[in-house]
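> Sequence plus predicted model, see below.
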Amino acid sequence: MINRDDWFINWFNSKYYHILYKSRNKNEASNFIQTIISTLSLKSNNSVLDLGCGNGRHSISLSNHFKLVHGIDISSENISIANENEKENLKFFISDMRNFDTKIKYEYIFNLFTSFGYFKKNEDNIKVLKSCYNHLNKNGLLFIDFLNSEQIKRTINGLKETKNINGIRFNIHKEIIGDYVIKKIEIKDGEATYNFQEKVQLFKIQDFKKLFEISGFEIISSYGDYQMNPYDPNSSRLILCAKKIS
Ligand SMILES: C[S@@+](CC[C@H](N)C(=O)[O-])C[C@H]1O[C@@H](n2cnc3c(N)ncnc32)[C@H](O)[C@@H]1O
């Protein structure tokens, strides 16, 4: 099922992903996790899963609040960085979110910072949500922190920008093709040039409602940013809290 040509295998395994997104750090993650916990009064005596955990920045913060934290990511590079923080209640696994099996059930599953919408086939999105369903306790909660498609559609088509970070030049071009937002990233590092892309399906809240209905969830609340303000079409994010229904 894993296709080594898929954009998300190459890009998230590259050192340049971490350089481009270096401001998305442990500090930002820790603030967000504390805000989610206090907004929803999450109970600490529980096991939780960080699905698409990357280098583990949210998992580390979660491990300061919850009994047991597992982080799953398909990128071996990310998991080897995350493993530097492994401890008694914090374990990481290389696995595909479409068919993982950690043998335990969680109270909460977190899928954060646009770690959804990467696949070509809708059945793969459903597989992710059904795997979450199977790994949640009765009434367990799934959090999806996603881009706000409504806002993206209005603002980014054709946008070009250049970033210079650590002496590396990132030429970025964003465009919308069909249902997907595509971010092409050309990297100039010394004499070398590399090309990557991100390609994310532009799910709106109504699309998530349908996906959740098929896979046994209902949305119980929605938020529009990392301070957990209410969602509206101009929000910077679409953050959904969905409950497992039996
Ligand atoms: C945008 S990054 C976010 C990482 C992390 N949640 C954070 O906030 O730093 C998306 C992550 O999803 C992971 N990922 C992509 N496809 C995956 C899959 N099929 N199964 C598991 N992880 C996947 C990537 O390797 C990457 O680490």
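Perfect, thanks for sending it. Numbering: from 1, shown residues only.

> For this protein, what lies in contact range of the ligand?
Contact residues, the chain versus the ligand (Cβ under 6 Å from any ligand atom): 8, 12, 24, 52-54, 57-58, 72-75, 78, 96-98, 112-115, 118. For glycine as for every other residue, the C-beta is placed from the backbone atoms N, C-alpha and C.

> So how do I select the buried members of those in PyMOL?
Command for PyMOL that selects the buried part of the residues of the chain next to the ligand, burial taken from 16 or more other Cβ atoms under 10 Å:
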select buried, resi 8+12+52+53+54+57+58+72+73+74+75+78+97+98+112+113+114+115+118
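
> Narrow the residues of the chain next to the ligand to those in helices?
If you go by DSSP state H, these have 8, 12, 57, 58, 78 in helices.

> Closest one of the residues you listed to residue 192?
Among these, residue 12 lies closest to residue 192 (Cβ to Cβ), at 19.5 Å.

> got the contact list for the closest one?
54, 73, 74, 75, 77, 78 (Cβ atoms under 8 Å, 6 or more residues apart in numbering).

> What of residue 174?
Residue 174 is in contact with 156, 157, 158, 159, 160, 181, 182, 183, 184, counting by Cβ under 8 Å, 6+ apart.

> Name the helix or strand for the fifth one, please.
With elements taken from DSSP states H and E, the one containing residue 160 is strand 159-165.

> List the buried residues of that strand.
In strand 159-165, counting by 16+ other Cβ under 10 Å, buried: nothing.

> So in that sheet, which strands flank it, and in what orientation?
strand 168-177 (antiparallel) (DSSP bridges).

> now residue 49: how far from residue 14?
25 Å (Cβ to Cβ, to the nearest Å).

> my bad, residue 109
26 Å.

> Select from the contacts of residue 174 the one having the most neighbours.
Counting neighbours by other Cβ atoms under 10 Å, residue 181 leads the contacts of residue 174 with 22 neighbours.

> what mean pLDDT does the helix or strand containing it have?
Assigned by DSSP H and E, residue 181 belongs to strand 180-189. On average, the pLDDT along strand 180-189 is 96.

> In the protein, where is pLDDT below threshold?
For the chain, the stretches with pLDDT under 70 are 1-2.

> what do you get if the cut-off is 90, keeping everything else the same?
Applying pLDDT under 90 to the chain picks out residues 1-5, 155-159, 246.

> Cool, thanks, talk later.
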